[in-house]
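1. Need a 3D model of the following:
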Amino acid sequence: MFKLRVTDIKQYMYCPRIVYFTYVCPVQKKVTRKMQYGQEAHLELDRLEKRRTFKRYNFKEGERKFHASLYSPRLGLEGKLDMHIVAGGEIFPVEFKHSSQGPSLNHKYQLIAYAMLLEDTYNKPVRYGFIYVDSEKAIPVEVTPNARVYVKETLEKIRLLVSKELMPNKAGEKGKCVDCEYRNFCADVR
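-> Numbering: from 1, shown residues only. Model (predicted):
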C-alpha cells in the first residue's frame, strides 16, 4: 500500500492538484509568506500552550503531548500531530490553525485522520478532538463513523490519482489559488 501523509488529505480537499504536484509531477514548491507566518505562529503557540491550564478544553487536568509522530500500517497513513491530550482515560487530538474564518472542512478531516492514527496507536476509540483557532478557542470536532469512512474514501481517491497519474481539476474557488505554493506551475496546465 502506498504510504500517505495526513497532510495529503488536507491538501487534497483544499485542491487535488497539490497532491498531483507532490507525487505525480513533483516540482519545487515556493514557500509563501502565509506558510512562513504559520510556522512562526505554531512555535509561539507551542510555547504558550505549555503554560496554560486545560480550561479551554473543559478538562480539570490532563497530559499534553506535542508533535507525536504517528503511523498506521492498516491505513497506510502517517503524520505528525500538533498536540494530543490524555485526560480521564481518553485521548483527544488537537490541531492548531491560524484562520480568521474558523476551521474549514479540510482542517476537520485532517483532525479526523489524526484521531484514527491515535486510535491505532493507543488501541482505544477517539470520540472527539479539537481545532484550536488563532490561540483563542478550542472548537470540539466529533469523530463519527461517517467521518472515518470519508477519510478512508479520500485516501483511496488520492492513491488512485497517484497510481493512474490523473491530472485533477483545479480547486473550485479561485481565491484558494492566490496563496498557493504551486500557483506558477498550475497556471501552465490547462
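2. the helices in the protein, which residues?
-> Assigned by DSSP state H, the chain shows helices spanning 6-14, 16-19, 33-49, 105-122, 145-164, 183-186.
3. Would you reformat the ones you listed as JSON lines and include mean neighbour count and distance to Gly89?
-> (C-beta placed from N, C-alpha, C; glycine too.) Listed next are the helices of the chain as JSON lines, based on neighbours: other Cβ atoms under 10 Å; distance: least, Cβ to Cβ, whole Å:
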{"stretch": "helix 6-14", "mean neighbour count": "22", "distance to Gly89": "24"}
{"stretch": "helix 16-19", "mean neighbour count": "22", "distance to Gly89": "37"}
{"stretch": "helix 33-49", "mean neighbour count": "12", "distance to Gly89": "22"}
{"stretch": "helix 105-122", "mean neighbour count": "22", "distance to Gly89": "10"}
{"stretch": "helix 145-164", "mean neighbour count": "15", "distance to Gly89": "21"}
{"stretch": "helix 183-186", "mean neighbour count": "15", "distance to Gly89": "46"}
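4. And the ones you listed: which comes nearest Asp134?
-> Of all these, helix 33-49 sits nearest to Asp134, with 8.6 Å by Cβ to Cβ.
5. send the alpha carbons of the closest one over as CSV?
-> Taking C-alpha atoms only, helix 33-49 is exported to CSV below (Å, rounded to 0.1, in the frame of the first residue of the first chain):
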residue,chain,number,x,y,z
ARG,A,33,4.6,34.3,3.3
LYS,A,34,1.5,32.7,4.6
MET,A,35,3.4,29.4,5.2
GLN,A,36,6.3,31.2,7.0
TYR,A,37,3.8,33.0,9.2
GLY,A,38,2.1,29.7,10.0
GLN,A,39,5.4,28.1,11.1
GLU,A,40,6.3,31.1,13.3
ALA,A,41,2.8,31.1,14.8
HIS,A,42,3.0,27.4,15.6
LEU,A,43,6.2,27.8,17.5
GLU,A,44,4.6,30.6,19.6
LEU,A,45,1.5,28.6,20.2
ASP,A,46,3.6,25.6,21.4
ARG,A,47,5.3,27.9,23.9
LEU,A,48,2.1,29.4,25.2
GLU,A,49,0.2,26.1,25.3
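6. Lovely, talk soon.
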